[in-house]
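In: I would like to see how this sequence folds:
(chains A and B)
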Protein chains: 2
Amino acid sequence: MFQAAAKTFSVAPTASVCRGILSSIRQYCKKTPTKLRVSEALSSAELGTNVKVQGWVRSVRPQKANLFLHVNDGSSLQSLQIVAGSELCDPLLTFGSAVEVTGILKKSPNQKQTVELEADQIHVVGECNPVDFPFKIKERHGLEYIRQFPHLRCRTNAFSSLLRVRSEATTAIHSYFKENGFVQIHTPIITSNDCEGAGELFQVEPSGPEHEEGENFFSVPAFLTVSGQLHLEVMSGAFSRVYTFGPTFRAENSQSRRHLAEFYMVEAEVSFTQSLEDLTKVMEDMFRSATEHVLAHCAEDVALFHKHVTPGHRDTIDAMMKRRFPVITYSEAIDILNRSSQKFTFPTDWGCDLQTEHEKYLVKHCGNIPVFVTDYPYDLKPFYARDNQDHPKHTAAAVDLLVPGVGELCGGSLREERLDLLRARLEEVGLEETYSWYLDLRRFGSVPHGGFGLGFERFLQCILGIDNIKDVTPFPRFSHSCLL
Amino acid sequence: MFQAAAKTFSVAPTASVCRGILSSIRQYCKKTPTKLRVSEALSSAELGTNVKVQGWVRSVRPQKANLFLHVNDGSSLQSLQIVAGSELCDPLLTFGSAVEVTGILKKSPNQKQTVELEADQIHVVGECNPVDFPFKIKERHGLEYIRQFPHLRCRTNAFSSLLRVRSEATTAIHSYFKENGFVQIHTPIITSNDCEGAGELFQVEPSGPEHEEGENFFSVPAFLTVSGQLHLEVMSGAFSRVYTFGPTFRAENSQSRRHLAEFYMVEAEVSFTQSLEDLTKVMEDMFRSATEHVLAHCAEDVALFHKHVTPGHRDTIDAMMKRRFPVITYSEAIDILNRSSQKFTFPTDWGCDLQTEHEKYLVKHCGNIPVFVTDYPYDLKPFYARDNQDHPKHTAAAVDLLVPGVGELCGGSLREERLDLLRARLEEVGLEETYSWYLDLRRFGSVPHGGFGLGFERFLQCILGIDNIKDVTPFPRFSHSCLL
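Out: A predicted model of the protein is given here:
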């Protein structure tokens, strides 16, 4: 409209014409509503402005004189209350329908919100038949129920909160590493390393008939990564501090609450380490920093879980954040387990791996806060773990972080940087040739270094108190299930 | 030492003893050098302080009275110059060896750096035999040469610069979306969608003999994702603005400079769009924002490529950043190609897909800056592209962004949000049942929306002027090659 008005002049306009244009502009500006997201509208101080809000209807309450709607656009858990005259009532205004509302932002008389939108126009953009839509107005659907609808569950309060928390936690982790001088590396998803997680690997080949049986696309068998560690170690020899944050895979035939076939790992490597403390410091700092960030930036979303899903969990979190995480050795852990009156299913002899039941007991024993367990039996750890060269109980400089509710959240170790020791161990297991490139890292400018991995889904479970790992990932993949 | 001093008192200490402890603490603090990264040392204003620096030797120059070293730890392209008395000379101080140096930070008399470290101790942490090490002191190795050593090439100037740029560009892209209210979604890597890129998919199954032939781990055939778009569309129905940034895969049997089997894509979806302009705005803003961020935060690293690898490229970049990106329709593009005097290998009739040669010509024609091409023939585009319902030349609301040197950098479209049109098209191709979940998104609160994908490696090639895509990714995967 403004453009059209301006176009009509090809010669210099007179003063009165100018005034006319200015008045048109004013009129135009007044009429064009400012497009706001719901979160912006809710926190807007500019009451009295003409705004447009777009989103999905979360509640409809037609009353005699007025119509009340709640509209949500995913920018926050809270919806915006719309108040309209009953003449704007429309049978298509159903739970789940998409709308565009224009009107004036006003101070709300309702104590639950500070602002509401007095609508002068409501346009139904996309209908939603309430009979077919699997979620019903005013019903609180359980996490298990909504899991059946992977393409729609993000439209529920609980799962949209989860996804906002997941996004913010991702930001928090990247920020922590960036602020601490780490370079982010995209470690490869497809890899020809096949030794570490033998038996639980996914193999990758082109699909379709044109792919000849027996001939590998990459000339060698190729697998989905189980860890970016070895590739990060390559990079730690140039950047001192590196991290990766991406998907990893296990072909575990498990449908448990604890395992996914595809999950996210945060992995970091630090060069010039002196002891395991250099790692536990990074692990604890990162955990605290990410948790604090999420609690601060997603307060409403986190509160939804702490209120409706796991009452009391907020106290656990607050207790965690107040104290430094204790550090015990594996040997001390074994002593604690053996002194306990609890009967365990799995053995607790020195040399046995800690099981989830043991991890959960140790966490409780240490005051229900995260606890580091260090210096595991040498024979339990992979070839790259640094030999402590102690005896008679031979250990490696490895560390796990156990957390309430979840058990193992992080695992890490100093890496064997001494060429002779590493070569001897690789020879023992017949892998010297396969890992000759890895030995090269020790041949050329080797430095003491170490690193760890954190299971990102478990981190979310831990801070939100969510029991099932399938409820913290947008599209869970596990044996017999790959929906969408 | 401080701990030991404190431990010796089991009764209240006298004043003189306190003074003694304080003096020990002062002594101790003075002697303990501050650990600095090379980038911190280079920008440090605290000359005269006692510092410790750890890194790898990049040059060694023994002179009569003095020894000059350059030490790099990956925190910046620039190394720190170390000056030491010749008595600290050591035959193990070779190119590539790892060292720990303590000394005093001083103003440098050399004009090339502001600061140097006057060493009082140099400790060789890890040796590096210069005969075996594939990179030689003072030699500038080509990108093709260093590509042969995927586990060591990050130790060269060029590739460490590249990886710092890649890390910083990743940060820039996340920041852009975060600042603009987008929620980050981890779209799945493994998917059961098999229709879109048929023929170029990687299939995924557990490896090993225990996996029975014919039985799928996920009960259905599963593939590596070629795009997170459909999953993002799920999310755009709840959050209005979403994005994903992760690996995608093509089993293309190509060893070209332009293709990888594993590459990174940035994909975004925006709800409540009115026209393609809503998308081109996000595409252009993101491109500018990320480019500006990289130029500002990695000036030194970018300059290395612009100076040694593609002289003159900086001018191209500066020209790009000065002008808005022009928008032409596909039909206009075809007219431009047909009016050109250049002979093309591929046909330029209306209805034919644009090839790289055409894309590069169009970019040149528009002033060697990025150009948007919109409204492609309907029949060239996938089922989800929004029908423009025009005739006789039937087009879809799709858009590509073509950039200098690379050709297609982004591709996007408005998505068909109208249930009847989408269903009709899916019926035509016999996919109505397979995509019934996708149709659900249009059944329940459908809104006009659209999105696009950007090839991240191509973005890096574009801003750095790097010809071969294998040189912008840490561990390139392509047919017949999956090193490490």
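In: which residues does the closest residue in space to residue A:81 that isn't next to it in sequence bridge with?
Out: Nearest residue to residue A:81, sequence neighbours excluded (CB to CB, 6 or more residues apart in numbering or on different chains): residue A:116, at 4.3 Å. All C-beta spots, glycine's among them, are computed from the backbone N, C-alpha and C. On the basis of DSSP bridges, residue A:116 is bridged to residue A:81, residue A:106.
In: show me the contacts for residue A:116.
Out: A:80-83, A:105-108, A:110 (CB atoms under 8 Å, 6 or more residues apart in numbering or on different chains).
In: One more: residue A:37?
Out: Neighbouring residues of residue A:37 by CB under 8 Å, 6+ apart: A:53, A:73, A:75, B:181, B:240.
In: picking that back up, please pick the buried ones from the contacts of residue A:116.
Out: A:80-83, A:105, A:108 (16 or more other CB atoms under 10 Å in any protein chain shown).
In: Mind picking the lowest-pLDDT entry from the residues you listed?
Out: Within the set of these, pLDDT is lowest for residue A:108 (91).
In: Ramachandran angles for it?
Out: Main-chain torsions, residue A:108, degrees, to the nearest 10: phi -90, psi 140.
In: Please verify my assumption that it contacts residue A:78.
Out: No - checked against CB atoms under 8 Å, the pair residue A:108 and residue A:78 is beyond contact range at 11.9 Å.
In: mind checking how far the most centrally placed residue in chain A is from residue A:135?
Out: Among the residues of chain A, the one closest to the centroid is residue A:166, at 3.4 Å (CA atoms, centre = their mean). Note on residue A:166: its distance to residue A:135, by CB to CB, to the nearest Å, is 20 Å.
In: what does residue A:266 give?
Out: The value you get for residue A:266 to residue A:135, if CB to CB is used, is 33 Å.
In: next one: residue A:453
Out: 36 Å.
In: same thing with residue A:255?
Out: Taken as CB to CB, the span from residue A:255 to residue A:135 is 25 Å.
In: Of those two, which one has the most company?
Out: Neighbour count, other CB atoms under 10 Å in any protein chain shown: between residue A:255 and residue A:135, residue A:135 has more, with 19 against 11.
In: wait, that one sits on residue A:141?
Out: Yes - counting by CB under 8 Å, residue A:135 touches residue A:141, with 5.9 Å between them.
In: Find residues that contact each of those two.
Out: Here residue A:135 and residue A:141 have residue A:156 as joint contacts, going by CB under 8 Å, 6+ apart.
In: Which residue ranges make up the domains of chain A?
Out: A:34-126, A:153-471 (the TED database).
In: Could you export those as JSON lines, including distance to residue B:130?
Out: Converted to JSON lines, those look like this (distance: least, CB to CB, whole Å):
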{"stretch": "domain A:34-126", "distance to residue B:130": "58"}
{"stretch": "domain A:153-471", "distance to residue B:130": "10"}
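In: near chain B, which residues of the stretch 351-484 of chain A?
Out: A:417, A:437-438, A:440-448, A:473-475, A:477, A:479-484 (CB under 8 Å from any CB of the partner chain).
In: Can you tell me which of these are buried?
Out: A:417, A:437-438, A:440-448, A:473-475, A:477, A:479, A:481-484.
In: Tell me which residues touch residue A:221, please.
Out: Neighbouring residues of residue A:221 by CB under 8 Å, 6+ apart: A:192, A:194, A:203, B:207.
In: The second one and residue A:224 touch, don't they?
Out: No - contact criterion CB under 8 Å: residue A:194 and residue A:224 do not qualify, at 10.8 Å.
In: Quick check: neighbours shared by the two?
Out: With CB under 8 Å, 6+ apart as the test, residue A:194 and residue A:224 both reach residue A:201.
In: In terms of neighbours, single out the busier of the two.
Out: Taking other CB under 10 Å, residue A:194 and residue A:224 do not tie; residue A:224 has more neighbours (26 against 17).
In: show me what contacts residue A:220?
Out: Applying CB under 8 Å, 6+ apart, the residues near residue A:220 are A:192, B:482.
In: what about residue A:308, which SS state?
Out: At residue A:308 the chain is in helix, as set by DSSP: H, G, I helix; E, B strand; the rest coil.
In: That one against residue A:140, yeah?
Out: Yes - taking contacts as CB under 8 Å, residue A:308 lies within contact range of residue A:140: 7.3 Å.
In: Quick check: next helix or strand after the helix or strand that contains residue A:124?
Out: Using DSSP states H and E, residue A:124 sits in strand A:115-126. Following strand A:115-126 in sequence order, the next helix or strand is helix A:143-146 (DSSP H and E).
In: does chain B sit close to the very next helix or strand once past that following helix?
Out: Downstream of helix A:143-146, the first helix or strand assigned by DSSP H and E is helix A:157-179. Yes - counting by CB under 8 Å from any CB, chain B is contacted by helix A:157-179 at A:160, A:163-164, A:166-167, A:170-171, A:174, A:178.
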